[in-house]
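Enquirer: Using only what follows, build the 3D model:
(2 chains)
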Amino acid sequence: MSQAKVPTWVNIALIPALNIMLAFLVSGLVILAIGENPIEAAGYLIYGAFGYDEGIGYTLYYATNLIFTGLAVSVAFKGGLFNIGGEGQAYIGGLGVGLVCLSLDHSMPFYVIAPLAIVGAAIFGAAWAYIPAYLQARRGSHIVITTIMFNFIASSLMVYLIVNWLKEDGRMAPNSRTFEENAWLPYLHELLSPLGIDIGDSPLNLTFIWALLCCVFVWGLIWHTRWGYQLRTLGTNPTAARYAGIDTAKVTIWAMLISGGLAGFVGLNEIMGVNHNLLLNFTAGYGFAGIAVALMGRNHPIGIILAAILFGALYQGGAELAFEIPTITPEIVIAIQGLVILFSGALEHMFKDRIEGFFIRRAVA
Amino acid sequence: MPYAIELRDISKRFGAVQANKDICLQVPAGTIHGIIGENGAGKSTLMSIIYGFYEADTGHIEVDGKRVDIRSSQDAINAGIGMVHQHFMLVENFSVLENVILGAEGGAVLKNGIGAARVELQRLAQEYSLDIDVDAIVEELPVGLQQRVEILKALYRGARILILDEPTGVLTPQEADHLFRILKALKDQGVTVLLITHKLREIMASTDNVSVMRQGEMVAHRETTHTSKEDLAELMVGKKVRLTVDKDDAQPSEVLLSARDLSQFDSQGVKRLKDVSLELRAGEILGIAGVSGNGQSELLNVLSGIAPMSEGEVHFAGQVITAKAPKDAAQMRDLKMAHVPEDRHKMGLVTGFEAYEAAVLGYHNSPDYNGKVLMNRKAMLDECNERMAAWDVRPPNPHLKTANFSGGNQQKIVIAREVEQNPEVLLIGQPTRGVDIGAIENIHEQIVKLRDSGKAILLVSVELDEIMALSDRIIVMFDGAVVGELDAKDADERTLGLMMANAHQKEQEDEEQEGESA
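Expert: As a prediction, this is how the structure comes out:
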């Protein structure tokens, strides 16, 4: 009844901006409490994230992972499913990438390996999401519980596989051999330097472009295809979905497959783009951070890109901050990230009613 | 003598919506006062203010000539105001006694309170002739008696002013009559009753005075004996309204749909639909009458393919549909069966969608709306614009969120969507529930028009007036089964009411037994 009167920009820009500012305000108090200057700290953080070419590269490299996991969460969420298993799906997706690279890098050129690695990441990530999806759709097991469980299973499975099967012979480190260079995704600075563009050395690689393509794909899929229509119907009104004759179980399963596949692409960035071998714990919490990214990005690809860049900046700028001001430990940086998640995610509705009410009254007056 | 309750210049605003504006109301003690108005006229808001759910922005309330400050329902109870909600606030697996003392237990140990309550309840029941077994479990009581428990609850808390919000929605006509007798008895004991309803018949039958609300304002006060249904309807809507439907006699031809021994068990194994058989002919409207919750919803869901049938078979469009060979909702649509569901918010629409998206729900796979890969947004928008113009949907904006249309316009979007597919059979549930009187006329005309074009219509409604006005043939359902069928010409409220309570057969059986023993 009142929704129509609130300008769109209030919901998509003003409220998120207020939430972030409040998070930074509280962070500032935390920094004051440990005896440092918050303005100075903010300066280091922003400079570290955006102030120089390498910093920007790192920010976007972190953002790449977060775009994938953010998209993964939002596709499931559009269907009313809360996929907490992005972490595990990303981990297993990385396994798919690693297996493709390890088995083909001696025999195949890059342009064969790269597409197969993309397919491998998607299939392995999707496969890991399939079992929770099946259990939800056909057996009614709650997807939140099963996907959390599957994160732990993925973690154990990877330790087992790497330690017992994929570890390089004669070495103690729990990772596979390094791939041949024809199975490395090119860094963006390598691609751009022949064109005379210098963006500084950073792990930012071709996966970033793939992440942007995935955003376009998800946007088209959700808002412009029949399947997306069915997904959104199911997510907003499951009873209406049954009335419309939508096969809800099938849509549920496919939503999770796509979600898992998207999460799996984190493996491309980490395994094929940066580490060039299969290792433990490369997902480093990106799967969980994706939930915050999706929430903050309002489950829309554009919002997810912006939120992913914000969180990427917090990762990169936070590292810089901890380096420049030693009393601000990495734990404090994590606390700041936590505050951003708290204010923009969990407390999202704290100001919503009041701000909307303000604009409604203004519209009436 | 001061008024039992008096409202002075009550105003309440929710954001942009002025729900109540300068409401004044005077209710003499010991009278039954009706408050009538369309959905969204502000009746419920006003009652919520009196009962302390909302606080008024301006204005105040006086009880027995003294100004009272009502900020919570506890304040209202202390002021002697009791409320019987439309949806009962009862704990179903508690006994009547336990329900009545809920919130007024009188101490941490229940035993003393229960003993005192038992005595008090018996006194109340006698004084107001509200007979009830105080140890019965509430869920085992029929709805009429559950409502009586609600009334007792209010009286037990010392209510001298009783507010009833749409009390007859779940009752058969006979139960409703019984309720009105109880209200008269209460009135004779000096209790003041505020009756909120949108049913003109009830106002005429039971009240002393009536106040009419329209768009948040009190537009008229009348003595019931000095007004008429037509007068009140006009006051409610603000223009002249016709309360009848013009239609010629039906010309039923071939059977389009037939159901045989249709049954459905729910997940607990309870039989919700009991061996229902019916035939639906082209060119007729078959009305299903019954008190809400007697299997009508299950029948619609099974016929439309939303819910699986457990036993029986349906013959439709040359197909035999059984539990072993089911068809889902999409397949039934392909066979040209359209369905306007009973609850448009829960089922018929996705209220978060823009109107043009909600206008293809169920038909979203049609080639009309799809390109090779993407949906054809332009086609959807063009068609939505056309239909909004043809069906007079207001505002005619396909991009407006479905939730922001009024009930009547939402219903027009749903009915337009289903009727424009040119179905052979239309299942339509509660076509005018929550729809403004002005739009009801239009919807009824469209249903009759569809019938006259040779389609078959199955109409489910809990409004007897609607069933009698539209149907050519009427089937009555009770407890999941068909308990009677009659020609619409032979139907009157009493006969239907008795059948709805399934007393019809029992009466006959009793007469037969008497005949035999004599």
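Enquirer: what are the ranges of the helices in the stretch 1-150 of chain A?
Expert: Ranges of helices within the stretch 1-150 of chain A are A:8-9, A:15-33, A:38-50, A:53-78, A:86-104, A:110-134, A:143-161, based on DSSP state H, counting those that start in this stretch.
Enquirer: Can you list the buried residues in the fourth one?
Expert: Counting neighbours by 16 or more other CB atoms under 10 Å in any protein chain shown, one finds that the buried residues in helix A:53-78 are A:54-78. In this view, the C-beta of every residue, glycine as well, is placed from N, C-alpha and C.
Enquirer: what's the average pLDDT for it?
Expert: Across helix A:53-78, pLDDT averages out at 96.
Enquirer: does that helix come close to chain B?
Expert: No - Helix A:53-78 stays clear of chain B (CB under 8 Å from any CB of the partner chain), getting no nearer than 11.2 Å.
Enquirer: and the helix or strand B:Asp382 falls within, what does it pack onto?
Expert: Remark: B:Asp382 resides in helix B:377-390, with elements defined by DSSP states H and E. Contact analysis of helix B:377-390 by 3 or more CB pairs under 8 Å, 6 or more residues apart in numbering or on different chains; DSSP states H and E lists helix B:355-358, helix B:407-419 as its packing neighbours.
Enquirer: and the first one, what's its mean pLDDT?
Expert: Looking at helix B:355-358 alone, the average pLDDT works out to 94.
Enquirer: Which other helices and strands does that helix contact?
Expert: Judged by 3+ CB pairs under 8 Å, 6+ apart, helix B:355-358 is in contact with helix B:377-390.
Enquirer: what number of residues lie near B:His226?
Expert: Residue neighbour count, defined by other CB atoms under 10 Å in any protein chain shown, stands at 9 for B:His226.
Enquirer: Let me fix that, I meant to ask about A:Gly338.
Expert: Neighbours of A:Gly338 (other CB under 10 Å): 13.
Enquirer: got it, and B:Gly52?
Expert: Neighbour tally, B:Gly52, other CB under 10 Å: 21.
Enquirer: so who does it touch?
Expert: B:Ile70, B:Arg71, B:Ser72, B:Ser73, B:Gln74, B:Asp75, B:Ala76 (CB atoms under 8 Å, 6 or more residues apart in numbering or on different chains).
Enquirer: gap between it and B:Ser73?
Expert: Applying CB to CB, to the nearest Å, the value for B:Gly52 to B:Ser73 is 5 Å.
Enquirer: Around chain A, which positions in chain B sit nearby?
Expert: Counting by CB under 8 Å from any CB, chain B sits next to chain A at B:14-17, B:304-306, B:328-333, B:339, B:341, B:346-353, B:357, B:361-362, B:364-365, B:370, B:373-375, B:377, B:400-401, B:403-404.
Enquirer: In ChimeraX, how would I select the buried members of these?
Expert: A single ChimeraX command selects the buried members of those (16+ other CB under 10 Å):
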select /B:15,304,305,306,328,329,330,332,333,339,341,347,348,349,350,351,352,353,357,361,362,364,365,370,375,400,401,403,404
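Enquirer: Number of residues surrounding B:Arg118?
Expert: As a burial measure, B:Arg118 scores 15 neighbours (other CB under 10 Å).
Enquirer: On the three-state scheme, it is what?
Expert: Recorded secondary structure, B:Arg118: helix (DSSP: H, G, I helix; E, B strand; the rest coil).
Enquirer: In this structure it contacts B:Val96, no?
Expert: No - taking contacts as CB atoms under 8 Å, B:Arg118 lies outside contact range of B:Val96: 10.3 Å.
Enquirer: what residues are shared contacts of these two?
Expert: With CB under 8 Å, 6+ apart as the test, B:Arg118 and B:Val96 both reach B:Val134.
Enquirer: which non-adjacent residue is nearest B:Ser366?
Expert: Among residues not flanking B:Ser366 along the chain, B:Val360 sits closest, at 7.5 Å (CB to CB, 6 or more residues apart in numbering or on different chains).
Enquirer: what do you get for B:Asp479?
Expert: Using CB to CB, 6+ apart and skipping the chain neighbours, the partner closest in space to B:Asp479 is B:Asn294 (5.8 Å).
Enquirer: From B:Glu175, how far off is that neighbour?
Expert: Separation of B:Asn294 from B:Glu175 (CB to CB) stands at 13 Å.
Enquirer: and if you look at A:Arg226?
Expert: 48 Å.
Enquirer: Repeat that for A:Tyr134.
Expert: A:Tyr134 is 48 Å from B:Glu175, by CB to CB.
Enquirer: Looking at the two, which one has more neighbours?
Expert: B:Glu175 (20 against 16).
Enquirer: Okay, and that one sits in which element?
Expert: Assessed by DSSP H and E, B:Glu175 sits inside helix B:173-188.
Enquirer: Next, count neighbours for A:Tyr47.
Expert: Neighbour count of A:Tyr47, defined by other CB under 10 Å: 15.
Enquirer: B:Gly65 too?
Expert: Residues near B:Gly65, counting by other CB under 10 Å, number 10.
Enquirer: cool, and B:Asp275?
Expert: 15.
Enquirer: gap between it and chain A?
Expert: 25 Å (CB to the nearest CB, to the nearest Å).
Enquirer: Double-check that residue against B:Leu262; I have them as touching.
Expert: Yes - assessed by CB under 8 Å, B:Asp275 is found in contact with B:Leu262 at 7.1 Å.
Enquirer: who touches both of these two?
Expert: Counting by CB under 8 Å, 6+ apart, the contacts common to B:Asp275 and B:Leu262 are B:Glu311, B:Gly312.
Enquirer: All set now, cheers.
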